[in-house]
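Chemist: below is the sequence, then the predicted model.
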Amino acid sequence: MSLKFIRRNYVKYNKGTGFLCCHVDAQHAALPEADRFTGKIAAKLISQTGCAGIISTVSRTKADLNRGPDGKNNEALQEYRDAIKELLNHLGILDDEKHQVTKPYLHLSIHGMKDVHHGPYAIEIGTLHGQSCSPEIKAWFQAILTTKSQEILPKIDVIFDERFWGDKSIVFHRLGDEEDYPGYGFNFHTFQIEVSRTLRENYLSEIVALFSQIIVEFQTKFVNQQWPRNTDYT
């Protein structure tokens, strides 16, 4: 059965099964200047795990969703942000009055980088040097990604915050921006996932398997087993 999406002007999205506190997105999936195969990776993660997901249907040349409002992308960016809010409401974890998520939430943004940057088997994770997630969740993510990648495809090289550490917009979902986007608080954890062209094109199933395991482990470790907790993930 094919995956069904809700389609808007600039994005399409799937709400998932409503049980996983996670969404994946592919912000540069549309031609021209697309990050090839990222939309397919996101769709397969939605299908295999039941998490929610958003896939851009507008090229970054017209409206870049991986930036703050710039005059060109305002309408598209608002639609993308509205989709995120709809996903959080679907899960029932959004405190509307405080505009805060009430449980740990994982946001994986799938991007593509060229092989020349770090080699053909590289994955770089951007967190804007730790600002888009908590230290606890970043340490866990780095450990599990390193371990699971060696189990699934030992040649993968995992890099954090070196070249593609992320635009400041990846922090906005957590802490808000200088305009009118308040962010969702310290339970919201964003990781920008830059995947080499070789891995995206030739090892797509392995990449999907890798991040599927991470999504499920996040739910098990931080949402199901350790919730509720008296402290924020700060």
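Modeler: Done, it's in. Numbering: from 1, shown residues only.

Chemist: where in the protein is pLDDT low?
Modeler: Within the chain, the ranges that satisfy pLDDT under 70 run 1, 226-234.

Chemist: 90 instead, please
Modeler: Within the chain, the segments meeting pLDDT under 90 span 1-2, 96, 178-180, 225-234.

Chemist: ranges for the helices of it?
Modeler: Ranges of helices in the chain, per DSSP state H, are 38-49, 74-91, 115-118, 135-152, 169-175, 197-202, 204-218.

Chemist: spatially central residue in this structure, please.
Modeler: L108 (1.8 Å; Cα atoms, centre = their mean).

Chemist: that one pairs with what?
Modeler: Beta-bridge partners recorded for L108 (DSSP bridges): V24, F191.

Chemist: in contact with it, which residues?
Modeler: Contact analysis of L108 by Cβ atoms under 8 Å, 6 or more residues apart in numbering lists C22, H23, V24, D25, L45, F191, I193, F211, I214, I215. For the C-beta atoms, the positions are set from N, CA and C on the backbone; glycine is no exception.

Chemist: and which of those is nearest to H90?
Modeler: Nearest to H90 out of those is H23 (Cβ to Cβ; 10.0 Å).

Chemist: ok, and the closest non-adjacent residue to that closest one?
Modeler: A52 (4.0 Å; Cβ to Cβ, 6 or more residues apart in numbering).

Chemist: surely that neighbour touches Y13?
Modeler: Yes. If you go by Cβ atoms under 8 Å, A52 and Y13 touch, sitting 7.1 Å apart.

Chemist: what touches both of the two?
Modeler: Common neighbours of A52 and Y13 (Cβ under 8 Å, 6+ apart) are L87.

Chemist: how about I159, what does it touch?
Modeler: So I159 contacts H118, A122, I123, E124, I125 (Cβ under 8 Å, 6+ apart).
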